[in-house]
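# just the structure for this:
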Amino acid sequence: MRRRGKAVFIGSIGNLVEWYDFYAYAAFALYFAHLFFPGDDPVVQQLNAAVLFALGFVVRPLGAMIFGQIADRRGRRTALTLSVALMCFGSLVIAIAPTYATAGALAPAVLLAARILQGLSLGGEYGASATYLSEVAHPRYRGFFSSFQYVTLIGGQLCALLVLLVLQQFVLTREQLLEWGWRIPFVIGALLAVVAALMRRNLHETEFFEKARPANEKARSSLRALLEHPREAALVVGLTLGGTVAFYTYTTYMQKYLKLTVKLSDVETTLVTAGSLLFAMLLQPIYGALSDVVGRRPLLVGFGVAGTVLTVPLLTALQSASTPWHAFLFLTFAWVIVSGYTSINAIVKAELFPTHVRATGVAVPYAIAVSLFGGSAESVALWFKSIGRESWFYYYLTACIATSLVVYLCMRDTRDHSALDRQ
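I've put the predicted structure just below:
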């Protein structure tokens, strides 16, 4: 049990570092967008930065294919170590990237290249870490243990916001942040990624993979093997669609929403966002443990029903929040809903596929859904705002969740029909 706990801890810490690096871009975009995208309209500048954020998601399916194959053929540990090393390099590129004033059009091109590297890294990270956590977990507590993927995923963004808060309040002036201070979190991220890569080198491989290793190394490509599981792959896309749009709405986009729509100050925006993310982190293992008792499907259906019915009134109320405290309360209520998806989506996907194709099966269809819907959520929302139709995004999010609800109602409960129990 101690060995299992250590494996979950190291795997989760590496995941936290990767997502910190990735989300530092979203957290600090308010401070560096003007340096890469000239102009006078802050909404347009943030839209341009959000487009690059979304483009980083476009390559995630490619990263999922590459690292999924590595995880299924060479081991989960190898894929996890390589993915965090690549994230380190991407963060370092952003830290030293030239601005538009010094490099012209080359500046956003360098920023895009760094985002592509980070997108490739995360494309592999999700499938490898979800597979690793599901395979090292005790069979009776898979929901609980796998929920730590989103504990650390959300924790990564929370750490990025805490770094922002410390720099805002105690270290730098706003002018210094706007000029050069925004580079600091990317330097920190690159250094942390080195530490995480060294820690992951010492992870033990899962028993599931070790038993299947001889066959895996001789087998054909796991991408080709994935074609033998079209129903499961389609399920991953369908159950991800609504959840990923909701997740990125209340994480990456919410900071801009609180600043540009609710009109909170910089510090208020950071505090409210960070507080809501801390609340979300605490919910993940609670919901994960609950899924071990009642099953995965009831939580997914609960998210689907509540998200379909309450998204429009919730975001409308948040738009009219009169104080930071009111905004925080609305966001915590949103996380009570969304955690029905985030806490268990990794284990649900892992329980759909056999060992020889599990990492690829989890990663590739998930990455496709996230690149099409999750990564574009912020851009879609800002575009609606830029044309004066911000509330239309609320209905877009509702439609996405409703689509996934249909999938949840039609699928079997993976806790009771898990491929992990058929190995």
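# low-confidence ranges, this protein, go.
Scanning the chain for pLDDT under 70 picks out the ranges 1-5, 40, 213-222, 422-423.
# in it, which helix is the longest?
Determined from DSSP state H, the single longest helix within the chain is helix 2-36.
# leaving out sequence neighbours, find the closest residue to Trp19.
Gly156 (2.8 Å; Cβ to Cβ, 6 or more residues apart in numbering). Backbone N, C-alpha and C define where each C-beta goes, glycine included.
# need the contact list for that neighbour.
Asn15, Leu16, Val17, Glu18, Trp19, Tyr20, Asp21, Phe22, Tyr23 (Cβ atoms under 8 Å, 6 or more residues apart in numbering).
# show me where the stretch 1-150 of the chain has strands.
Secondary structure of the stretch 1-150 of the chain, counting by DSSP state E, counting those that start in this stretch: no strands present.
# quick one: the helices in it?
Taking DSSP state H, counting those that start in this stretch as the test, the helices found in the stretch 1-150 of the chain are 2-36, 42-58, 60-73, 76-95, 100-103, 106-136, 142-146, 148-166.
# most packed of these?
Mean neighbour count (mean count of other Cβ atoms under 10 Å) peaks for helix 142-146 among these, with a mean of 28.
# that one packs against which elements?
helix 106-136, helix 266-294, helix 345-350 (3 or more Cβ pairs under 8 Å, 6 or more residues apart in numbering; DSSP states H and E).
# centre of the chain to it, how far?
On the basis of Cα atoms, centre = their mean, to the nearest Å, helix 142-146 sits 17 Å off its chain's mean C-alpha point.
# what residues does that helix touch?
4, 8, 130, 133-134, 136-138, 285, 288-292, 296, 343-344, 346-347, 350-351, 415, 418, 420.
# ok so, going back, farthest pair in the contacts of Gly156?
Among these, the pair separated by the greatest distance (Cβ to Cβ) is Asn15 and Tyr23, at 12.1 Å.
# so what's the residue lying closest to Thr99 once chain neighbours are set aside up against?
Distances taken as Cβ to Cβ, 6+ apart place Leu35 nearest to Thr99, at 4.2 Å, with adjacent residues excluded. By Cβ under 8 Å, 6+ apart, the residues touching Leu35 are Thr99, Tyr100, Ala101, Ala107, Leu178.
# can you rerun that using 10 Å?
45, 97-102, 107-108, 111, 178-180, 182 (Cβ atoms under 10 Å, 6 or more residues apart in numbering).
# turn those into a markdown table, including distance to Ile401.
Listed next are these as a markdown table, based on distance: Cβ to Cβ, whole Å:
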| residue | distance to Ile401 |
| --- | --- |
| Gln45 | 30 |
| Ala97 | 36 |
| Pro98 | 41 |
| Thr99 | 39 |
| Tyr100 | 38 |
| Ala101 | 42 |
| Thr102 | 44 |
| Ala107 | 37 |
| Pro108 | 33 |
| Leu111 | 32 |
| Leu178 | 37 |
| Glu179 | 41 |
| Trp180 | 41 |
| Trp182 | 33 |
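# follow-up on the earlier one: what's the angle from the longest helix of the chain to helix 76-95?
In terms of direction (axes from the mean of the first three to the mean of the last three Cα atoms, to 10 degrees), helix 2-36 departs from helix 76-95 by 20 degrees.
# so what's the gap between helix 2-36 and the chain middle?
Using Cα atoms, centre = their mean, the offset of helix 2-36 from its chain centre is 9 Å.
# angle of that helix against helix 106-136?
Using the same axes, to 10 degrees: helix 2-36 against helix 106-136 is 170 degrees.
# distance of His356 from Glu210?
His356 sits at a distance of 13 Å from Glu210 (criterion: Cβ to Cβ, to the nearest Å).
# can you check Thr342 too?
30 Å.
# try Ile96
From Ile96 to Glu210 the distance is 41 Å (Cβ to Cβ).
# returning to that earlier point: between the helices of the stretch 1-150 of the chain, which gets nearest to Phe373?
helix 42-58 (9.3 Å).
# related to what we said a few turns ago, give me the more crowded residue out of His356 and Glu210.
His356 (21 against 13; other Cβ atoms under 10 Å).
# what's Thr252 in contact with, if anything?
Thr252 neighbours (Cβ under 10 Å, 6+ apart): 22-23, 25-27, 29, 50, 53-54, 157, 273, 374-375, 377-378, 381.
# try 8 Å this time
Thr252 neighbours (Cβ under 8 Å, 6+ apart): Tyr23, Ala26, Phe53, Gln157, Ala377, Glu378.
# got it, and Thr131?
Going by Cβ under 8 Å, 6+ apart, Thr131 touches Ala71, Arg76, Thr206, Ala350, Arg358, Ala359, Val362.
# most widely separated two among the residues you listed?
Distance extremes for the contacts of Thr131: the farthest pair is Thr206 and Val362 at 13.7 Å, using Cβ to Cβ.
# who has more neighbours out of these two?
A count of neighbours by other Cβ under 10 Å puts Val362 above the other of Thr206 and Val362, at 32 against 22.
# the helix or strand containing the more buried one vs helix 60-73, what angle?
Following DSSP states H and E, one finds Val362 within helix 358-369. When the same axes, to 10 degrees is applied, the directions of helix 358-369 and helix 60-73 differ by 170 degrees.
# now the element after helix 358-369, going C-ward?
helix 377-386.
# what's the spacing between that following helix and its chain's center?
Helix 377-386 has its C-alpha centroid displaced from the chain centroid by 19 Å (Cα atoms, centre = their mean).
# for stretch 107-126, same thing?
Counting by Cα atoms, centre = their mean, stretch 107-126 comes out at 14 Å from the chain centroid.
# let's see that stretch as CSV, backbone CA atoms only.
Taking C-alpha atoms only, stretch 107-126 is exported to CSV below (Å, rounded to 0.1, in the frame of the first residue of the first chain):
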residue,chain,number,x,y,z
ALA,A,107,7.6,37.1,-31.6
PRO,A,108,4.1,35.5,-31.9
ALA,A,109,5.7,32.7,-34.1
VAL,A,110,8.1,31.8,-31.3
LEU,A,111,5.2,31.9,-28.8
LEU,A,112,3.2,29.6,-31.0
ALA,A,113,6.2,27.2,-31.3
ALA,A,114,6.4,27.0,-27.6
ARG,A,115,2.7,26.3,-27.3
ILE,A,116,3.0,23.5,-29.8
LEU,A,117,5.7,21.9,-27.7
GLN,A,118,3.6,22.2,-24.6
GLY,A,119,0.5,20.9,-26.5
LEU,A,120,2.5,17.8,-27.6
SER,A,121,3.6,17.2,-24.1
LEU,A,122,0.1,17.4,-22.6
GLY,A,123,-1.3,15.3,-25.3
GLY,A,124,0.8,12.5,-24.0
GLU,A,125,0.6,13.3,-20.3
TYR,A,126,-3.2,12.8,-19.9
